[in-house]
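**Student:** build the 3D model from these lines:
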Amino acid sequence: MITARAAATFEPVGRSVATARSFVRDTLQGWGYADIIDDAVVLTSELVTNAVVHAGTSADVLCLRSDDHVRIEVSDRYPEREIPLQSSAINMGSPDREGGRGLQLCAALAGRWGVDYSATHKQVWFQLDLPERPVGTRAAGPVVPTDLLPLADERVRVAVVQIDKTGAVASWNEDAEHLFGYPADQVIGKPLTDFAAWPHTPGTSTGIADALQLSRWEGSYGIRGATGRVLPVYASHLRVRDTDGEPSTVCLLVRDHERAVLQTPLRVPASDTGSSESQGSDPFEVFIGSPAPDDLDGLLQRTVERARDMLDGDSAFLLLATDDETELEVRASTGLPSARQRFARVPVEVGPGRYGSARMPAVHEDLTQVPGAVPLLNGTGMRSVVTVPLKVEGRLTGSLGVAAESPDRYSNEEALRLQFAADRIALAVESARLGELEKLRRGSLSFLVEASDLLAGTLDRDQTLALMAQMTVPTLATWCAVYTIADQASDPYLSYVLHEDEERIDGLKALLSKIAPPEPVPTPGARVWPAPAEAAHQAALRTSMRSLGLNEPTSVTSGIGTTLATASAVGGETVVLPLVARNRVIGMLTLGKPTDEHFRQEILELAEDLSRRAALALDNARLYSERMAISQSLQRSLLPPELPDVPGVEVEVIYRAAGEGNEVGGDFYDLFPIRDGAYGFAIGDVCGTGPEAAAVTGLARHALRLLAREGFGGPAVLERLNAAILDEGARSRFLTLLYGELWPQEDGSAVLKMVCAGHPLPLRLRQDGTVVPFAEPQPLLGVMDDLELYEQTMTLDAGDVLLCVTDGITERREGTRMLGDDGLAEVLSTCTGLTAGAVAARIMRAVERFAADAPSDDMAILTMRVPGLQHD
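**Tutor:** Numbers count the residues shown, from 1 in each chain. This is a model prediction of the structure:
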């Protein structure tokens, strides 16, 4: 039974793919199905790409919701497709092909899928099953001893924050003020995102904006307090509406270690009352408790807490093995500085012998006698420790340890007990880990699809640098810096810096500017760069000593807080990934974490994928910028650097190149002295753009000057230019040209001799407002060998204006309308009494306002006005 539907149609253009992804994401988010968004977005992206890019038709996307699944249909209208016979198999293509993997993805990710054909449509649909969500069962816990109750402060404070439909804080209670340090008047009306430090890991969590739209949500994040420190909180969100129907979200927040106040246990169906009492309990549930956490982090945290309690330890930790079983990554701990150790990596083989390997159980009665035996516990005060491996089918998947502050606490008996518990939970941990990796993989695929789309959407170097940083912060890292290398002989240059807290950017940039950049090593993969953390630590130490007067007397500046904050912001792990494009290192992408935090391996692998895409995008932007600079330089070289002063005549030129300036246009103009009292002028348009058009433009402008100064008249100049253009052979382009010679007269008038070779006719504006053509049309250049051209002699009286334009002016279009010669004449008739500059400006303004779209052709305007004799 269909309970909801949403449909949209997307035009056959490249940007429709991104729009379709957003449509599906927004639809499923609105329905509250965040669990399947990543798979749905990836499949939709592939299928819509097939329709709008490969088939070249519009795509219809239909989302259907039912009680237990979501179905998405993508249809195209390819007109010449044959309908396959029922007995023919669907060709899913080869997985090694660059494209055409849409059906393979459907088969891999969807619960069900299919292809339907008609004479005019092809429809590919896929169905994603909704995860089961136990509901409706109340839960009650047993009576437990007081010392086993959850720990809380003397007074538990519950912050109540209400968020309006725009995401801004609408109410802020007294406990919120006490917990976070902000009075209500400082936060009401501001977005919650200004204060929330959200855990961004692609595919493993919902974004804060998404969470505020869900009907219910529970989880952990951080709130940045008035002191600048982030307070970990556990939150419960409930979406409500007021009597007017306006939605808002009520957020209850407590300190993370008091999460038991708000945390809702998973609802599980009541057990079968008919089951035999003699049936043994599940050893896993005996150790973990029932119900078991449904997420990996929760399961690992429950495991270390139970292990610590079981052996009456002071701390416990659990590490997971990397895929190659060479390193262990800290994933959960209790009684240790967990923020410092989370995602830190230690080798599996620490030393020789069985006690130096995480593959075997080990008991250390006194760590002071074997320094470094357990690197994770260095500097923690722990003296004795027992560690056991987690194994599945003989393969090392992790390590579980319990430690105590006093020596000689553990023996082989405790090791056996802990190993028994580890064997009970190893399979569940590995299953949860693989589930998280699969979810992260799908989220990473969606992230990379979006990133590639954004990077492909710009060829601007600065915008590409900004996109690189914005895609990594805060999704992959807390801060990011991009170094670029102009050429092999240049040193890396710090080009862009971004931090999730904007107030830290300046301090971070200043710190990185004072240390040597990382070496541009082309070896792929992330490598640790300790320099920023060391420099930040030294700077903070010097600042603290000055503030305490322990150094030579120095005035304490207001930068102390900034220095300490910067040190905290970059004090964690920092990694460098090379940006390699076309077999050359063009820069480095640097990612960092705050004090004592580490990157997880999956995030580094995702960052490596992103860096490869970003490097190519950055190099494309560089090549485009170089090409555009060359084109603009060439374009400037084809136009006169400055216009000469013509006695008794006002002259004004306006030139606008179409597009983004990356193509050399064919329009040109010139005004130059021929001999005493005589000036040559020209305005022309070469067919096409690019190098060939530029060659003809350069030939025409320089030939005109040379031939005119040799004493040739207008017809002879153009006939010789025509022969020179035809001599270019296949590289030749036809040319429209208005060429004339100007003689200012003593009576205030001006005599002109002109030849109009296929060019828009010049217009004369008289003082009485009448507008007339000022020349006769003749054949254009570059087409026929034998041209018989003639020149016309005209006189501009005092107050007259001569307007010369290229066809970009007269052919300006808005739909089916075109400005044309008549429209141009009408505009010119309103310019009586204006100077040459004012006439040119009014004409250009009218042309720009004629159509809403940007001009598609170059535009040039040359105006000359004879003001007449000036009387005192």
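
**Student:** what about the closest residue to residue 464 other than its chain neighbours, distance to residue 424?
**Tutor:** Excluding the flanking residues, the one nearest residue 464 by CB to CB, 6 or more residues apart in numbering is residue 621, at 4.6 Å. In this view, the C-beta of every residue, glycine as well, is placed from N, C-alpha and C. Using CB to CB, to the nearest Å, residue 621 is found at 55 Å from residue 424.

**Student:** before we move on, back to that, does the residue nearest to residue 464 sit in a helix, a strand or a coil?
**Tutor:** helix (DSSP: H, G, I helix; E, B strand; the rest coil).

**Student:** run a quick neighbour tally on it.
**Tutor:** If you count neighbours by other CB atoms under 10 Å, residue 621 ends up with 19.

**Student:** surely it meets residue 455?
**Tutor:** No - at 9.2 Å, residue 621 does not count as touching residue 455 under the criterion of CB atoms under 8 Å.

**Student:** what sits in contact with each of these two?
**Tutor:** residue 464 (CB atoms under 8 Å, 6 or more residues apart in numbering).

**Student:** surely residue 459 is in a helix?
**Tutor:** No - secondary structure of residue 459 (three-state DSSP): coil, not part of a helix.

**Student:** how about it, what does it touch?
**Tutor:** Neighbouring residues of residue 459 by CB under 8 Å, 6+ apart: 620, 621, 624, 625.

**Student:** mind checking which helix or strand of this protein has the lowest mean pLDDT?
**Tutor:** Here the helix or strand of the chain ranked lowest by mean pLDDT, DSSP states H and E is helix 338-341, holding a mean of 52.

**Student:** list the buried residues of the helix or strand following it.
**Tutor:** Downstream of helix 338-341, the first helix or strand assigned by DSSP states H and E is strand 345-347. Buried residues in strand 345-347, counted by 16 or more other CB atoms under 10 Å: 345, 346.

**Student:** following strand 345-347, which helix or strand comes up?
**Tutor:** strand 362-364.

**Student:** elements contacting the helix or strand that that following strand is followed by?
**Tutor:** Remark: after strand 362-364, the chain's next helix or strand is strand 384-392, criterion DSSP H and E. Packed against strand 384-392, as judged by 3 or more CB pairs under 8 Å, 6 or more residues apart in numbering; DSSP states H and E, are the following elements: strand 362-364, strand 395-404, helix 412-456.

**Student:** buried residues, strand 384-392. List them.
**Tutor:** 384, 385, 386, 387, 388, 389, 390, 391, 392.

**Student:** report the mean confidence score over that strand.
**Tutor:** Taken as a whole, strand 384-392 has a mean pLDDT of 91.

**Student:** any idea how many residues pack against residue 396?
**Tutor:** Using other CB under 10 Å, the number of residues around residue 396 comes to 20.

**Student:** swap that for residue 576, please
**Tutor:** Residue 576 is flanked by 23 other residues according to other CB under 10 Å.

**Student:** equivalent analysis for residue 159, please.
**Tutor:** Using other CB under 10 Å, residue 159 has 21 neighbouring residues.

**Student:** isn't it up against residue 255?
**Tutor:** No - in this structure residue 159 lies outside contact range of residue 255 using CB under 8 Å: 9.5 Å.

**Student:** overlap in contacts, these two.
**Tutor:** 179, 233.

**Student:** quick revisit: from the buried residues of strand 384-392, pick the one nearest residue 30.
**Tutor:** Residue 30 lies nearest to residue 392 out of those, by CB to CB, at 39.8 Å.

**Student:** can you tell me the closest non-neighbouring residue to that closest one?
**Tutor:** residue 430 (4.7 Å).

**Student:** can you pull the contacts of the one you found?
**Tutor:** For residue 430, the contact set (CB under 8 Å, 6+ apart) comprises 390, 392, 397, 398.
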